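**Q** Have a look; sequence and predicted model below, questions after that.
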Amino acid sequence: GQQLNQSPQSMFIQEGEDVSMNCTSSSIFNTWLWYKQDPGEGPVLLIALYKAGELTSNGRLTAQFGITRKDSFLNISASIPSDVGIYFCAGQDTYTGANSKLTFGKGITLSVRP
Amino acid sequence: DGGITQSPKYLFRKEGQNVTLSCEQNLNHDAMYWYRQDPGQGLRLIYYSQIVNDFQKGDIAEGYSVSREKKESFPLTVTSAQKNPTAFYLCASSIGTHGNQPQHFGDGTRLSIL
């Protein structure tokens, strides 16, 4: 089946630094989503991407939909302590009609040192 | 407030017992989903429903059952046939299952075995 690869599993950065995460797939997706999950809570949608090459920002977050449609990147600028959490990418193949489902990566745990 | 409500937050199951996890949404979304999350893993789809009185198996449906009698409710039953039920269970909903309709999540239920 489809798989999304996120690595490394954990990242440690200093407050104020920028950080970049990527997500790669063996299959093409037509929608890419980035979620953040805090401990004991559900994932919260950060950014949604719907077009190859699309670059979208949400405050200090910027995400891009790769041209090949097999990857996506999330950048966080000027990190702050509340950026700590697990960041998941998810891909959706919308061309399979009404039964299209999300495929999730395993997530990257981000730690921010004050 | 509009959103997705999962209850209870924590649930304990005895061996051989069925337990039911509640998921309610007041977003008027047609589609609802149940995911299982294990430590260090991405989200895996258990069941999903695109419309009332209809639902489909996801990737790991064995040992689980669902019903969709009302648009706003999608309860998940973890049966005694599920031999490894300890996990964090997440419910999600979306307007539909097509593109441009991202999934939004509840805050989860943590199920443990006594």
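**A** Cool, got the structure. Fair warning: this is a prediction, and the values are worked out from it, not measured in the lab.
**Q** Contact partners for residue 76?
**A** As the question left the chain open, I've gone with chain A. A:18, A:19, A:20, A:60, A:61, A:83, A:110 (C-beta atoms under 8 Å, 6 or more residues apart in numbering or on different chains). In this view, the C-beta of every residue, glycine as well, is placed from N, C-alpha and C.
**Q** let's do chain B instead
**A** B:20, B:21, B:23, B:34, B:46, B:47, B:64, B:65, B:66, B:89, B:91.
**Q** could you redo the last one with a cut-off of 10 Å?
**A** B:6, B:19-23, B:32, B:34-36, B:46-47, B:64-67, B:89, B:91, B:109, B:111 (C-beta atoms under 10 Å, 6 or more residues apart in numbering or on different chains).
**Q** So, low pLDDT: which residues of chain B?
**A** Counting by pLDDT under 70, chain B contains low-confidence residues at B:1-2, B:98-99.
**Q** which residues in it form strands?
**A** Under the criterion DSSP state E, strands of chain B are mapped to B:4-7, B:10-13, B:19-25, B:31-37, B:43-51, B:54-57, B:64-66, B:76-78, B:87-94, B:104-105, B:109-113.
**Q** can you list those in JSON lines and add distance to residue A:37?
**A** Output for those, formatted as JSON lines (distance: least, C-beta to C-beta, whole Å):
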{"stretch": "strand B:4-7", "distance to residue A:37": "14"}
{"stretch": "strand B:10-13", "distance to residue A:37": "17"}
{"stretch": "strand B:19-25", "distance to residue A:37": "17"}
{"stretch": "strand B:31-37", "distance to residue A:37": "9"}
{"stretch": "strand B:43-51", "distance to residue A:37": "9"}
{"stretch": "strand B:54-57", "distance to residue A:37": "25"}
{"stretch": "strand B:64-66", "distance to residue A:37": "22"}
{"stretch": "strand B:76-78", "distance to residue A:37": "19"}
{"stretch": "strand B:87-94", "distance to residue A:37": "9"}
{"stretch": "strand B:104-105", "distance to residue A:37": "8"}
{"stretch": "strand B:109-113", "distance to residue A:37": "13"}
